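[1] next comes the sequence, and after it the predicted model I'd like to discuss.
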Amino acid sequence: MLFREFAELCDTIEKTSSRLAMADLLAEVFPTLSADDLPIFVRFSRGKIFPDWSAEKLGFGPGLLYEALAYVIGKKRETVISAINSSGDTGRVVEGLLEKREQTMFFSEELELLDVHSRFVQMAKTSGRKSQQERMRSAQYLFSNASPLEGRYLARLMLEEMRIGVGEGVVREAVAKGFAVSEEIVEHAHQALNDLGEVALLAKTNSAALAEVRITPFRPVKMMLAQAGSITGMVETHGSVVAENKYDGSRFQFHKVGSKTAIYSRRLEEMTKSLPDVVALLTAATDHDVIIDGEVIAMQDGKPMPFQTVLRRIRRKHDVAEVAGAISMQPRVFDILVCDGETLIDKPLSERRSILESVMKEFVAPQMVSDSSEDIERYYHAALDSGNEGIMLKVPDSPYLPGNRGKLWIKIKPEVDTIDLTVIGAEWGEGKRAKMFGSFLLACQDENGDLLELSRVATGIDDAMLAELYELFKEKIVAEHGKTVVFEPDVVFEVGYAELQRSTNYAAGYALRFPRFVRLRDDKDPSEIETIESLARRYSMQNKAGQ
Ligand code: AMP
């Protein structure tokens, strides 16, 4: 397939607002693609270059993109930057600049979809002193052979943000329709494989095998997540429920086959090198081949340390041995996804738990099973007293649903009025803070994963955190207009607030009263932030409570 054909299809989808129509369009195209093109097409349509289980990065920030483009159109880097600053949509700006250049061009090679992909893979692979130069050369090659429309989508792919409205749901529907398989089977295969490209390929080549897919060691699957809820609600609906401490640490998934081990973060990044002590503890605790789900907490002098300590330790990739001495990292495991080659996610939690207890000699998180709200309430207070964030309530006969944030796992914690939002921009500070960001612009997401502005936050950030945030965000600047900066949406803040109000000031239709920064959630991905649907629920609950 030509990249031009892919770009044209993206353009058609971008002009379509109905999810159903998008899925229909994709469902028509998928069966016509070759086995090589299909998985790439599927990933590209969601702005992904690599499978979701892979932590591989293109390593191509906005800065390099501007430079490569400037070279290709024969203009100064500043010209590109000022064009982007006045629009904010990098893809469209690239398209416009290439249009101007087109009039002076005589020939170019047609780009193949596969060729674009292999250039990207090459970009990601390069390392060492000359890597930036090599990436730059690849980007120059791509832009100089791209039509304006292709340029729009090349730029968006490089920034991994397609803006055409195609999310996981649309692709799943399209795969099901296009290859005449049930959506449930597609979803199930997706949970285990964590790569829609591979799911689509399997649907095309061997759809009977879709129902049989197994989780593959060293390809992390998304973690099952929880919703907020109440103890009485859970007991009323399910009777007996499982209660566990909600540890204030960082989520991990541990994979072990023979002597090979790896540990992944909630964002599915490999953390084996920064958590060697945790890997060693877990490896020694089992003789089996396993994939295990848990939380790592930081302990100092026998006391659990706050969550930020864990993250700081994880972020620190060097000097691990020296830091490891000061703070001890302790795993708590609460689920098992694979044991000795058998995928367990469809088995009920109670059964997975027995297997977990039988294969782990240590570190299994204690739990209580009860149908008494009073007993669970007591368990909750004991959990808080011993330094935990609260408790998790789980339905005993529930399967493990990777990536699902449903009602099968409920979190109970005291401060319900905090939400996770993506940082999409900032304003430069004033006075002695002029070289740092003073206030941050935050967004929630709609059902398609598109971001909607919701609030600004400036309160609650001390000087040390401001400096840390400056270091973090300076790499993510996409555009700048006077005092305002636009960021690539990658970082998540947990934000507290006093009240949720209806508002026309922000695209979300709500605003936060007295927003304050609570903490940086760099274990969370922007796809996990608050949804409009959940905001609406909070709003109605808040108003009911006030009556
Ligand atoms: P939240 O981050 O507030 O959405 O809460 C869900 C998170 O709680 C999970 O992603 C885990 O990192 C964490 N957690 C702590 N203890 C447990 C537990 N016992 N079971 C599941 N998740 C837990």
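    Right, received. Where do you want to start?

[2] for the nearest residue to F60 once chain neighbours are set aside, give me its contacts.
    Counting by C-beta to C-beta, 6 or more residues apart in numbering, M158 is the residue found nearest to F60 once chain neighbours are left out, at 5.0 Å. In this view, the C-beta of every residue, glycine as well, is placed from N, C-alpha and C. Applying C-beta atoms under 8 Å, 6 or more residues apart in numbering, we find M158 in contact with L58, F60, L65, A139.

[3] start from the N-terminal end of the stretch 151-300 of the chain and give the helices.
    All helices of the stretch 151-300 of the chain, identified by DSSP state H, counting those that start in this stretch, fall at 168-178, 183-193, 196-205, 231-238, 276-285.

[4] and the ones you listed as a markdown table, adding mean pLDDT?
    Formatted as a markdown table, these follow (pLDDT from 0 to 100):
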| stretch | mean pLDDT |
| --- | --- |
| helix 168-178 | 96 |
| helix 183-193 | 95 |
| helix 196-205 | 97 |
| helix 231-238 | 96 |
| helix 276-285 | 96 |
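
[5] quick one: neighbours of D397, just the number.
    The number of residues packed near D397 is 12, by other C-beta atoms under 10 Å.

[6] that one in helix, strand or coil?
    Following DSSP: H, G, I helix; E, B strand; the rest coil, the label given to D397 is coil.

[7] what's the spacing between the closest residue to it other than its chain neighbours and the ligand?
    Spatially, and ignoring its direct neighbours in sequence, D397 is nearest to P348 (4.2 Å; C-beta to C-beta, 6+ apart). From P348 across to the ligand, the span is 16 Å (C-beta to the nearest ligand atom, to the nearest Å).

[8] and P348, what are its phi and psi?
    Main-chain dihedrals, P348, degrees, to the nearest 10: phi -70, psi 150.

[9] what's it in contact with, if anything?
    Per C-beta under 8 Å, 6+ apart, neighbours of P348: P396, D397, S398, P399.

[10] which of the contacts of M158 tops the neighbour count?
    Using other C-beta under 10 Å as the neighbour criterion, A139 leads the contacts of M158 with 25 neighbours.

[11] quick one: the closest residue to A467 other than its chain neighbours and E471, what's the gap?
    Nearest non-adjacent residue to A467, counting by C-beta to C-beta, 6+ apart: M436, 6.8 Å away. According to C-beta to C-beta, to the nearest Å, M436 and E471 sit 10 Å apart.

[12] quick one, which of the two is more surrounded?
    More crowded of M436 and E471, by other C-beta under 10 Å: M436, with 19 against 9.

[13] R378: which of the helices of the stretch 151-300 of the chain is closest?
    Shortest distance between R378 and the helices of the stretch 151-300 of the chain, using C-beta to C-beta, is found for helix 231-238: 10.5 Å.

[14] output that closest one in PDB with nothing but the alpha carbons.
    Only the C-alpha atoms of helix 231-238 are listed here, as PDB (Å, rounded to 0.1, in the frame of the first residue of the first chain):
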ATOM      1  CA  ILE A 231     -18.600  -0.500  50.600                       C
ATOM      2  CA  THR A 232     -22.300  -0.800  51.000                       C
ATOM      3  CA  GLY A 233     -22.900  -0.600  47.300                       C
ATOM      4  CA  MET A 234     -20.400  -3.400  46.600                       C
ATOM      5  CA  VAL A 235     -21.900  -5.700  49.400                       C
ATOM      6  CA  GLU A 236     -25.500  -5.000  48.300                       C
ATOM      7  CA  THR A 237     -24.700  -5.900  44.700                       C
ATOM      8  CA  HIS A 238     -22.400  -8.900  45.200                       C
END
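
[15] ok, and what's touching that helix?
    With contact meaning C-beta under 8 Å, 6+ apart, helix 231-238 is reached by 241, 371-373, 376-377, 380, 393, 395-396, 407, 410, 412.

[16] ok, 7 Å please
    With contact meaning C-beta atoms under 7 Å, 6 or more residues apart in numbering, helix 231-238 is reached by V241, D371, S373, I376, E377, Y380, L393, V395, I410, I412.

[17] what's the answer for stretch 420-430, then?
    Identification of contacts with stretch 420-430 by C-beta under 7 Å, 6+ apart yields 434, 436-444, 451, 454, 473, 483-487, 489, 491-495, 521, 524, 526, 528-530.

[18] how about 8 Å then?
    Residues outside stretch 420-430 that contact it (C-beta under 8 Å, 6+ apart): 434-445, 451, 453-455, 466, 473, 483-487, 489-495, 521, 524, 526, 528-530.

[19] list the buried residues in that stretch.
    Buried positions in stretch 420-430, judged by neighbour count with 16 or more other C-beta atoms under 10 Å: D420, L421, T422, V423, I424, G425, A426, E427, W428, G429.

[20] nice, that's everything, thank you.
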